[in-house]
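**Student:** Predicted model and sequence below, questions to follow.
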Amino acid sequence: MKRSRVNAIIREADAFIRSFGYILPPFAYLKPEEMAARRGELANIVDRRMGWDITDYGQGKFDELGLFLFTTRNGRAADLTRGSGMLYAEKIMISRKDQMSPMHRHYLKAEDIINRGGGKLVLELFMPNAEGTIDDRAEVVVPVDGAMRRLQAGGLLKLDPGESVTLMPGVWHAFWGEGADVLIGEVSTVNDDLTDNWFREPIGRFSAIDEDEPPLRLLVSDYAAKLG
């Protein structure tokens, strides 16, 4: 993705999020040079990969295959191993109308995916088989706002604003907005996008950036190279 496109998406996303009365935390608006100057103070943010995240999954067609995310809080994998500490994470996301977030599952993360406003959020769901791959025959059973919902394999779950679904580790899911762009909340166990995603297709989680202009804000995928 071109950095100019990333910068434009950040501006558009911030305006969309604010239109629902949701305000991002102050660290969202730090300039790259401010983050570099305050690297020690911001260690929790940088090391836990909190912040802006925009991906086209390395396919170069963001409008059709992509997702906007902002991680507002996150624990550490070591907390999960120890069984105490900050065991949770939270994100705000935007799925644009008909923009696919591709079929994937998580090894460890359980998550609530919440339609915070806009259009319908549509999820295509499969259960895993014994090897962890997609079981295209097994019935899907998931809690929707606490009440169990049953779908056939590959069934479409449509969430209106205010509705949510709980996905346990292993449940395969793809999602997109229907009718309009959708603001999505995610509350989960500790989030690790470097190691905890298994995609059905051989695609990347993060995008390569063509630096055609300076970054408005750093992405979490910029942190290692630009902040150390």
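**Tutor:** Yep, that arrived.

**Student:** Going by C-alpha atoms from here, please, whenever you check contacts or count neighbours.
**Tutor:** Fine.

**Student:** Please name the bridge partners of the nearest residue to A28 once chain neighbours are set aside.
**Tutor:** Excluding the flanking residues, the one nearest A28 by CA to CA, 6 or more residues apart in numbering is G51, at 6.3 Å. On the basis of DSSP bridges, G51 is bridged to T71.

**Student:** surely G51 meets I45?
**Tutor:** Yes - G51 is within contact range of I45, at 7.4 Å (criterion: CA atoms under 8 Å).

**Student:** More neighbours: the two, which one.
**Tutor:** G51 (24 against 20; other CA atoms under 10 Å).

**Student:** ok, now how distant is the more buried one from L216?
**Tutor:** 13 Å (CA to CA, to the nearest Å).

**Student:** same question, V190
**Tutor:** To L216, V190 is 27 Å away according to CA to CA.

**Student:** which one of these two has more residues nearby?
**Tutor:** Neighbour totals were compared for V190 and L216, and V190 leads with 24 against 17 (other CA under 10 Å).

**Student:** these two touch, right, that one and K109?
**Tutor:** Yes - V190 lies in contact with K109 (CA under 8 Å); the separation is 6.7 Å.

**Student:** What residues sit buried inside stretch 155-165?
**Tutor:** Neighbour counts over stretch 155-165 (16 or more other CA atoms under 10 Å) mark L156, L157, K158, L159, D160, P161, E163, S164, V165 as buried.

**Student:** for the second one, what are its contacts?
**Tutor:** Right, the one you point to is L157. V122, L123, E124, L125, L151 (CA atoms under 8 Å, 6 or more residues apart in numbering).

**Student:** Show the backbone phi and psi for the first one.
**Tutor:** To tie it back to what came earlier, the one meant is V122. With angles defined as degrees, to the nearest 10, V122 sits at phi -110, psi 130.
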